[in-house]
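Colleague: what shape does this take:
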Amino acid sequence: MKNIETNRLILRNFSESDAPGLLAYMSAHRVNCFLDGRINTPEEALTEVRKRSEDDSQIAVALKEDNMLIGELFCMKEEPDTFSIGWNFNAAYEGKGLARESAEALLHHLFEEKEARRLYAYVEDNNFRSQKLCEKLGMRQEGCMKEFVSFTTNEDGTPKYENTFLYALLKKEWSSRRES
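Modeller: Predicted structure coming up:
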């Protein structure tokens with residue numbers, strides 16, 4: 001993918017130098033949906049960044065000042081013009097508006113350059129930070145899917161099902177919001 005720059009960030013493909021940054025946030029999950037992607041060793045992180053470096057749907061988010069990886073965005077296209085989006089960030093960089101800055105750049109890229117008509121994101125009902133980010137991006141909650149998916153188990157070994165919100169944004173809503 002072509003790099004996207006914001007005031008403080010670079011959105012780009014992953015590279016081998018991102019392995020330590022990926023390990024930092026993929027070894028300490030705070031959201032269950034990323035549990036299956038847990039990375040525990042530098043070797044696993046290197047293998048994963050090599051794989052992601054060839055996938056334009058996996059976007060590294062790095063600080064512009066030193067190119068340090070602080071998180072990731074992802075976007076999967078569904079034909080003909082819809083994208084599923086999401087993000088995962090290192091907790092050390094929360095509260096600085098960096099996730100919003102990078103997500104806004106991604107929305108602009110998808111709507112303006114990839115000709116997206118609709119974007120949507122799944123957010124677990126206990127992931128308050130991502131819910132707030134969706135709302136700041138102008139996304140609206142379209143519903144809550146009860147016991148939608150399981151990423152982990154209860155103490156007795158049975159699947160722990162999570163309620164999941166669906167947030168979405170249409171290009172016309174995004175354009176209208178930008179004009180006002």
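Colleague: mind checking how far stretch 46-53 is from the chain centre?
Modeller: The chain centre lies 17 Å from the centre of stretch 46-53; the measure is C-alpha atoms, centre = their mean, to the nearest Å.
Colleague: mind listing what's buried in it?
Modeller: By neighbour count on 16 or more other C-beta atoms under 10 Å, the buried set for stretch 46-53 is 46, 48-49, 52-53. Just so you know, the C-beta spots here come from the backbone N, C-alpha and C atoms, and that holds for glycine as well.
Colleague: cool, stretch 53-66 as well?
Modeller: Buried residues in stretch 53-66, counted by 16+ other C-beta under 10 Å: 53, 58-62.
Colleague: can you give me the end-to-end span of that stretch?
Modeller: End-to-end distance for stretch 53-66, by C-alpha to C-alpha, to the nearest Å: 19 Å.
Colleague: give me the contact list for the strand or helix carrying residue 132.
Modeller: Using DSSP states H and E, the element containing residue 132 is helix 128-136. Here helix 128-136 makes contact (C-beta atoms under 8 Å, 6 or more residues apart in numbering) with 31, 87, 94, 99-100, 103, 121, 123-124, 141, 165, 167.
Colleague: figure out how far the lowest-mean-pLDDT helix or strand in the chain is from the centre of its chain.
Modeller: Sorted by mean pLDDT, DSSP states H and E, the helices and strands of the chain end with strand 140-153, the least confident at a mean of 89. Distance, stretch centre to chain centre, for strand 140-153: 17 Å (C-alpha atoms, centre = their mean).
Colleague: and that strand with helix 128-136, angle?
Modeller: Orientation check (axes from the mean of the first three to the mean of the last three C-alpha atoms, to 10 degrees): strand 140-153 against helix 128-136 gives 160 degrees.
Colleague: could you identify the helix or strand that succeeds strand 140-153?
Modeller: Counting by DSSP H and E, what follows strand 140-153 is strand 159-170.
Colleague: how close does residue 147 sit to residue 163?
Modeller: Residue 147 sits 7 Å away from residue 163 when distances are taken as C-beta to C-beta, to the nearest Å.
Colleague: show me which positions of the helix holding residue 132 end up buried.
Modeller: 129-131, 133-134.
Colleague: can you give me the strands for the chain?
Modeller: Along the chain, the stretches classed as strands by DSSP state E are 4-5, 9-12, 58-63, 69-78, 82-89, 118-124, 140-153, 159-170.
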